[in-house]
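> Here is my input, please return the structure:
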Amino acid sequence: MNSDSFTTFKKNASIATVYLSRGFDKVASWVTQLSWWKFLLFAALVLAAAGILQETLFSSEELVIEKVSRHNGKSTKSSKPAKGNTNIRIDDTGVHIKTGTYTYDGDDAASVPAAATPTPPKAEAEAAGAATASPAPPAPPPPPAAPAEPSPNAASLNLSLPPDAAQDVNQAINDAVAAIHEAAAEKAEQQVARYQKKSSEWFVNFVLLLLIGLFGTKALMGGKKRAEARAQAANAAAEHANLQREVSEAKMQMIQAQVEPHFLFNTLASVEYLIETDPPRASAMQKRLIQYLRAVLPQMRETATVTTLGREVDIVRAYLDLLKMRMEERLIVDLQVSDGLRSAAFPPMMLQSLVENAIKHGLEPKADGGTLRIKAEVADNKLRVSVTDDGLGFGAFPSNGTGLGLQSIRDRLKLLHGAAAQLEIAPNSPSGVCSTIEVPYQVVGAGKTKP
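Numbers count the residues shown, from 1 in each chain. The predicted structure follows:
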């Protein structure tokens, strides 16, 4: 094998290997995705189809063997002479055996060369009598014939037999020829039957090996393929969750950065008014505003998903102190958060959002104002923080907000704790709204969260 042939062979082998590998991977993936009962149903269908094909392709019921028979000493014509052919002819005159390159048609004497045909004795006598009865003029002597050269491949034998013996010999030869043809036909039938049996066995074994290979592939590679599928699904779910978390955090950072415009404007307007009318009170309000901004601005710059309940309560207290200076006696604050719960883990800016909703939609529109109660407690290893107001309640005052604040809280709780956290909003008695955030109780210490 020269270098070009070897290079071509190597290239073709590489291509064939790649296609076989791809085909095996596709078949393995398809088989491993099937459930076991579907695989067993597929195997049963394959066996049924194999049985039908075996019955159709390898059935020997309609096998036809062409037999060559001889009747009355006559054989079928041959279109081509056969070298070394032997012709046996039996008639009333005897047995005539001729070998050579000639082909004879049964008992047709015309096919035998004239030189080889003997003249019967009776015919010779009749010819001699006719010659003595009527003398004929002398015939010209025949031209000299060329000397006959015997053919090395031709020979003839003529035996004279009585008529009865000739018939017996003819019948015996016919029976022997028929027996030879029957034996040859039977042998051919046996050979064809053996070939069909082997082909049928090879076909059935191939189908069984195919099913065994598929079964082994499913049993051995099924776990690997399922693990890969689960890993891909988990990666996709993790990427989706991370994307949702990033979106939610972006929304939360927006909420953190958006210090209520109307709240700031109203507070600054109040400070300006009090500077002219009540400078000491204006100074106190300015100090409260600075305290609030000092508590909120660091939270805006951070991207942490969890902070402490104490830090959130400090931000809310600064916010409520500013509002109390504006609303004065119209706002009553009841803060029920123990010092032991200040280190509990709590998502940032959620408590601030609930307090802003209670003030904006419940207490500020109400002429007499009302009470805002903030309460924290632990029950069943869950931290429950509730914000309750006795303001106007649901739907009493038209809202000009987008309604994304509460939905953002729900989305963030789901991303952080799944089904272990929730936001409940219920009407308060006799009026107002009660909003409650429930999260798993965890303690933040030494820079990390501990359950």
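
> What lies in contact with stretch 215-232?
For stretch 215-232, contacts defined as CB atoms under 8 Å, 6 or more residues apart in numbering pick out 27, 28, 29, 31, 32, 33, 34, 39, 43. The C-beta positions use only the backbone N, C-alpha and C, and glycine is treated the same way.

> Widest-spaced pair of those?
29 and 43 (18.0 Å; CB to CB).

> coming back round to it: which of the contacts of stretch 215-232 sits closest to residue 369?
residue 33 (65.4 Å).

> For the closest one, list the residues it contacts.
Neighbours of residue 33 in contact, by CB under 8 Å, 6+ apart: residue 225.

> residues contacting the nearest residue to residue 350 once chain neighbours are set aside?
Distance criterion CB to CB, 6 or more residues apart in numbering; nearest residue to residue 350, sequence neighbours excluded, is residue 409 at 5.4 Å. Neighbour list for residue 409: 350, 353, 354, 423, 437 [criterion: CB under 8 Å, 6+ apart].

> Just the ones of those in strands?
Among the contacts of residue 409, the members found in strands (DSSP state E) are 423, 437.

> just the contacts of residue 409 now: which is nearest residue 197?
residue 423 (77.9 Å).

> For the contacts of residue 409, which entry has the maximal number of neighbours?
Within the contacts of residue 409, neighbour counts (other CB atoms under 10 Å) peak at residue 354, which reaches 26 neighbours.

> thinking again about what came up before, where does the residue nearest to residue 350 fall, secondary structure wise?
Here residue 409 sits within helix 404-417, counting by DSSP states H and E.

> Convert the C-alpha atoms of that helix to PDB, please.
Taking Å, rounded to 0.1, in the frame of the first residue of the first chain, the C-alpha atoms of helix 404-417 are listed here in PDB:
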ATOM      1  CA  LEU A 404     -44.500  47.400  42.300                       C
ATOM      2  CA  GLY A 405     -43.300  47.800  45.800                       C
ATOM      3  CA  LEU A 406     -45.300  44.900  47.400                       C
ATOM      4  CA  GLN A 407     -44.700  42.700  44.400                       C
ATOM      5  CA  SER A 408     -41.000  43.300  44.500                       C
ATOM      6  CA  ILE A 409     -41.000  42.300  48.200                       C
ATOM      7  CA  ARG A 410     -42.700  39.000  47.300                       C
ATOM      8  CA  ASP A 411     -40.300  38.300  44.500                       C
ATOM      9  CA  ARG A 412     -37.200  39.000  46.700                       C
ATOM     10  CA  LEU A 413     -38.600  36.800  49.500                       C
ATOM     11  CA  LYS A 414     -39.100  34.000  47.100                       C
ATOM     12  CA  LEU A 415     -35.600  34.300  45.700                       C
ATOM     13  CA  LEU A 416     -34.000  34.500  49.100                       C
ATOM     14  CA  HIS A 417     -36.000  31.800  51.000                       C
END
